[in-house]
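> pasting a predicted model and its sequence here:
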Amino acid sequence: MMEGDHCEKGLLEYVRKSTPPPFLLKTYMLVEDRATDGVISWNSDGTAFVVWQPAEFARDLLPTLFKHSNFSSFVRQLNTYGFRKVATSRWEFCNDMFRRGERELLCKIRRRKAWANKHQQQQQQQQKQTVIAGPTDQNGVQDLDEDQRSSSSTSSSSGYSSLVDENKRLKKENGVLCSELTIMKNKCKELLDLVALYAGPEKEEEEEEEDQRRPMLFGVRLEVQGDRERKS
């Protein structure tokens, strides 16, 4: 029994070390996305990344993956993983294991232990304050993303949880789109029915006017050559 527990712990430790923290995976995804190069991208040689537009980054991109829009919190989280700000004129961050095209190196980046212990104490203190004072807004002391709230023992499952959440979000959006498509189809059908309703009487009136224009002989309408051709 003890040997089995030892093997299980060893397996969990291996998975933890071979799985990059969710924060690093999400940050790498944002930097790699070519569609957002105007906001965040690699530098010229791919050894660091630059947040070109911090305001747009916090407003439009952070909430999509980190569930908050606090740029300062994002920068603090980078610091805990050993990233350095390498330029004074722009928000450029560097880590020797965070490089373009070398995603496998993310597993070698670990959170600083001293900061992790300090953060754990701060988190416990904040939880006590929450019980007394109630919840705060996302810009307050409890503005921490899901990676900050996870401990090292659950880091391997955090990546899976984030994928599950993303899948749920996409399913929800797909349901909304399907609903909107159904509504548009119904409106289109109603429009076609309305056109058919008004086009029917108009066609009958045209045929009646054309019938009135045909010559009569002894009170009987004569059929002209054009009418025969249309009937045939």
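Good, I have the coordinates. Residues are numbered from 1 along each chain as shown.
> low-scoring stretches of the protein, by residue?
1-18, 114-160, 162, 200-232 (pLDDT under 70).
> all strands for the chain, in order.
40-42, 48-51, 84-85, 91-94, 216-217, 220-221 (DSSP state E).
> for those, which one sits closest to residue 161?
Taking Cβ to Cβ as the measure, the strands of the chain were each checked against residue 161, and strand 40-42 came out nearest at 24.1 Å. Any C-beta I mention is one placed from the backbone N, CA and C, and that applies to glycine too.
> in its sheet, what does that closest one sit against?
Strand pairing for strand 40-42, determined by DSSP bridges: strand 48-51 (antiparallel).
> what comes into contact with the strand it pairs with?
Outside strand 48-51, the residues within contact range by Cβ atoms under 8 Å, 6 or more residues apart in numbering are 31, 39-43, 57, 71, 86-87, 90-95, 98.
> need the buried ones from the residues you listed selected in ChimeraX.
Selecting only the buried entries of those in ChimeraX, with 16 or more other Cβ atoms under 10 Å as the criterion:
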select :31,39,40,41,42,43,57,71,91,92,93,94,95,98
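> got a list of what residue 71 touches?
Residues near residue 71 by Cβ under 8 Å, 6+ apart: 51, 54-55, 57-58, 62.
> selection in ChimeraX covering whichever of the residues you listed are buried, please.
In ChimeraX syntax, the buried subset of the contacts of residue 71 is picked out as below (16+ other Cβ under 10 Å):
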select :51,54,57,58,62
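> nearest to residue 191, out of the contacts of residue 71: which one, please.
Distance to residue 191, by Cβ to Cβ, is smallest for residue 62 among the contacts of residue 71, at 42.1 Å.
> the closest one contacts residue 68, correct?
Yes. Contact status for residue 62 versus residue 68: in contact at 6.3 Å, counting by Cβ atoms under 8 Å.
> coming back round to it: could I get the strands of the chain as TSV with distance to residue 27?
As requested, these are arranged in TSV below (distance: least, Cβ to Cβ, whole Å):
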stretch	distance to residue 27
strand 40-42	9
strand 48-51	8
strand 84-85	15
strand 91-94	9
strand 216-217	89
strand 220-221	84
